[in-house]
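K.L.:
based on what follows, work out the 3D shape:
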Amino acid sequence: MTAPTSPRIDQHPDIMALRAHSEETTATPAAQAVEALAVLCGIYLAASPWIVGFNAAPTLTITNLITGVAFACLVGIGPAYERTHSMSWAALGIGAWAIIAPFVVAGHAFVTRAVVSNVIVGAVAFLTALALAGLGSARLRR
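P.N.:
Reported below is the predicted structural model:
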């Protein structure tokens with residue numbers, strides 16, 4: 001006796017409709033620009049200890065490296081909005097963490113350049129993640 005063949009899940013009409021909406025959302029120039037800016041924010045956050053020059057603070061350096069890579073990975077999965085749009089909300093947390101990390105992680109041994117760099121890139125990361133989450137939510141409302 002052979003097992004009955006089941007239809008493939010990726011051919012389900014609902015999945016196909018979600019993919020079509022996702023492609024429609026990410027095809028706009030504004031969505032592509034926001035996503036590119038968000039990925040660049042993550043890369044800059046990861047490399048900022050060496051760019052700005054506070055790599056002598058090992059805890060903040062490691063924190064920025066890990067959170068920058070995580071942020072870039074979370075927001076850089078653009079074509080998979082139907083499965084991962086909720087990750088943009090996690091990216092909001094990473095953007096907020098980048099703002100407060102110099103005060104929490106480095107304690108009193110922080111460098112002014114590190115604080116300024118993290119606050120600016122954290123704010124931009126937060127805003128781009130908010131925009132990406134808004135794009136995903138607007139797509140779901142339609």
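
K.L.:
quick one: contacts for residue 55?
P.N.:
Residues in contact with residue 55, defined by C-beta atoms under 8 Å, 6 or more residues apart in numbering, are 49, 61. For glycine as for every other residue, the C-beta is placed from the backbone atoms N, C-alpha and C.

K.L.:
now do the helices in the protein.
P.N.:
Residue ranges of the helices in the chain, as given by DSSP state H, are 13-26, 29-48, 58-75, 81-84, 87-104, 112-141.

K.L.:
contacting residues for the residue nearest to residue 73 when sequence neighbours are not counted?
P.N.:
Distance criterion C-beta to C-beta, 6 or more residues apart in numbering; nearest residue to residue 73, sequence neighbours excluded, is residue 42 at 7.5 Å. Counting by C-beta under 8 Å, 6+ apart, residue 42 touches 68, 69, 70, 71, 72, 73, 74, 75, 76, 125.

K.L.:
so how many other residues sit close to the fifth one?
P.N.:
I take that to be residue 72. 21 (other C-beta atoms under 10 Å).

K.L.:
residue contacts, it?
P.N.:
38, 39, 41, 42, 43, 46.

K.L.:
now those residues in TSV, with distance to residue 131 and pLDDT?
P.N.:
Below are the contacts of residue 72 laid out as TSV (distance: C-beta to C-beta, whole Å; pLDDT from 0 to 100):
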residue	distance to residue 131	pLDDT
38	8	89
39	13	90
41	12	94
42	14	94
43	18	95
46	21	96
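
K.L.:
just the buried residues of those.
P.N.:
Among the contacts of residue 72, those scoring as buried are 38, 39, 41, 42, 46 (criterion: 16 or more other C-beta atoms under 10 Å).

K.L.:
enumerate every residue touching residue 65.
P.N.:
46, 49.

K.L.:
for the chain, name the helix or strand with the lowest mean pLDDT.
P.N.:
Within the chain, no helix or strand scores below helix 81-84, which has a mean of 49 by mean pLDDT, DSSP states H and E.

K.L.:
pLDDT weak spots in the protein?
P.N.:
Applying pLDDT under 70 to the chain flags the ranges 1-12, 14-27, 77-88, 107-110, 136-142.
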